[in-house]
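> requesting a structural model of the entry that follows:
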Amino acid sequence: MKLLLDENLSRRLVPFLQIDYPDSSQVALLGLEKATDREIWQYAANNDYVIVTKDSDFHELSILFGAPPKIIWLKTGNQSKASTLNALISCKDTIEQALAEEGKACVEIYM
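Numbering: from 1, shown residues only. From the prediction side, this is the model:
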């Protein structure tokens, strides 16, 4: 599973995600920093990414259009980069189970 971090998540997280989530990236690293949510949605769908976000916009798109892409919605408030990284890595099994095994379009992570 490869992740696409929304613009509200630091691109500095990407190198630390590569072991658990190979080929993950962040929107600015892909030249999508000025893209609309819908454009990011389409890019993620076309390139097999799971979008990671802290806001509800992509969840709303998943309700409207369905998956792919699938969404990880971090409901963690303003956390440090280390806390965000820890949430994604420590919840990896839960995320994979919800998105892959249970077929959910969105998984919410509370930390």
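
> show me which positions of the helix or strand bottoming out on mean pLDDT in the chain end up buried.
Sorted by mean pLDDT, DSSP states H and E, the helices and strands of the chain end with helix 57-65, the least confident at a mean of 90. For helix 57-65, the neighbour count (16 or more other CB atoms under 10 Å) marks 57, 58, 59, 61, 62 as buried. In this view, the C-beta of every residue, glycine as well, is placed from N, C-alpha and C.

> CSV for those residues, including distance to residue 35?
Output for the buried residues of helix 57-65, formatted as CSV (distance: CB to CB, whole Å):
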residue, distance to residue 35
57, 12
58, 13
59, 18
61, 13
62, 17
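
> quick check: of those, which lies closest to residue 70?
Distance to residue 70, by CB to CB, is smallest for residue 62 among the buried residues of helix 57-65, at 7.5 Å.

> got the contact list for that closest one?
70, 71, 105, 106 (CB atoms under 8 Å, 6 or more residues apart in numbering).

> what is the helix or strand where residue 40 lies packed up against?
Element membership for residue 40, per DSSP states H and E: helix 37-46. Contacts defined by 3 or more CB pairs under 8 Å, 6 or more residues apart in numbering; DSSP states H and E place helix 37-46 against strand 2-5, strand 49-53, helix 57-65.

> closest to residue 39 out of those?
Using CB to CB, the helices and strands packed on helix 37-46 put helix 57-65 closest to residue 39, at 11.1 Å.

> export that closest one to PDB, keeping only CA atoms.
Output of helix 57-65 as PDB, limited to C-alpha atoms (Å, rounded to 0.1, in the frame of the first residue of the first chain):
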ATOM      1  CA  ASP A  57     -12.800  16.900   2.100                       C
ATOM      2  CA  PHE A  58     -11.600  13.600   0.800                       C
ATOM      3  CA  HIS A  59     -14.000  11.600   2.900                       C
ATOM      4  CA  GLU A  60     -16.800  13.600   1.300                       C
ATOM      5  CA  LEU A  61     -15.400  12.800  -2.100                       C
ATOM      6  CA  SER A  62     -15.300   9.100  -1.200                       C
ATOM      7  CA  ILE A  63     -19.000   9.300  -0.300                       C
ATOM      8  CA  LEU A  64     -19.800  11.000  -3.600                       C
ATOM      9  CA  PHE A  65     -17.600   8.900  -5.900                       C
END
